[in-house]
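1. Predicted model follows, preceded by the sequence.
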Amino acid sequence: MGEMRDKLKEVADLTHRLKEKYPTEINAFMSFMNKAEAGPALSSREKELINVGISVAGQCEWCIAVHVKHAIKAGASRDEIVEAGFMAVVMHGGPALMYLVPLMNALDEFLPEEDA
């Protein structure tokens, strides 16, 4: 299993554990997240690209793994995902640039370049 797939498993394991021990809190968060993401003005692809950029700016490798995977599933291209990462760098500077490392790792794992 790759590094980013490991991160996805850690997120799933954490969510499962929190649902068992702290169902009120985690279910409230999940409900809010589902309602916040249900708006019709932006497509799922656009929302996931925003989430990719925020994940890079927020320096969250688990979030990067989740949202790169979701962006690919929603139809985003490799170039769109990298561009979303660069928008985070524009707004957040050098520290965000370093989080393009896990972003590129996630792309390599979930959407390998055909010529690579």
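-> Okay, I see it.

2. residues touching the residue positioned nearest the centre of the chain, list them.
-> Nearest to the mean C-alpha position of the chain, by CA atoms, centre = their mean, lies H67 at 2.0 Å. Applying CB atoms under 8 Å, 6 or more residues apart in numbering to H67 gives the contacts E48, N51, V52, S55. All C-beta spots, glycine's among them, are computed from the backbone N, C-alpha and C.

3. got it, and L103?
-> If you count contacts by CB under 8 Å, 6+ apart, L103 has them with V52, V56, I64, V68, I81, V82, G85.

4. circling back: and of the contacts of H67, the nearest to I72?
-> Comparing the contacts of H67 against I72 with CB to CB picks out E48 as the nearest, at 8.5 Å.

5. what about the closest one, neighbour count?
-> By other CB atoms under 10 Å, 27 other residues sit near E48.

6. Just give the nearest non-adjacent residue to it, would you?
-> A71 (3.8 Å; CB to CB, 6 or more residues apart in numbering).

7. Mind checking what secondary structure the one you found has?
-> helix (DSSP: H, G, I helix; E, B strand; the rest coil).

8. correct me, but it touches E83?
-> No. Counting by CB atoms under 8 Å, A71 sits too far from E83 to count as a contact (11.1 Å).

9. Neighbour count: those two, which is higher?
-> Taking neighbours as other CB under 10 Å, A71 and E83 compare with A71 leading, 29 against 14.

10. quick one: contacts of the helix or strand harbouring N51?
-> Per DSSP states H and E: N51 is located in helix 44-57. The contact list for helix 44-57 (CB under 8 Å, 6+ apart) reads 37, 42, 63-64, 66-68, 70-71, 73-76, 80-81, 84-85, 87-89, 91-92, 96, 99-100, 103.

11. If we use 6 Å, what do you get?
-> 63-64, 67-68, 70-71, 74-76, 80-81, 84-85, 87-88, 92, 96, 99, 103 (CB atoms under 6 Å, 6 or more residues apart in numbering).

12. Give me the buried entries from those residues.
-> Using 16 or more other CB atoms under 10 Å as the burial test, those include 63-64, 67-68, 70-71, 74, 76, 80-81, 84-85, 87-88, 92, 96, 99, 103 as buried.
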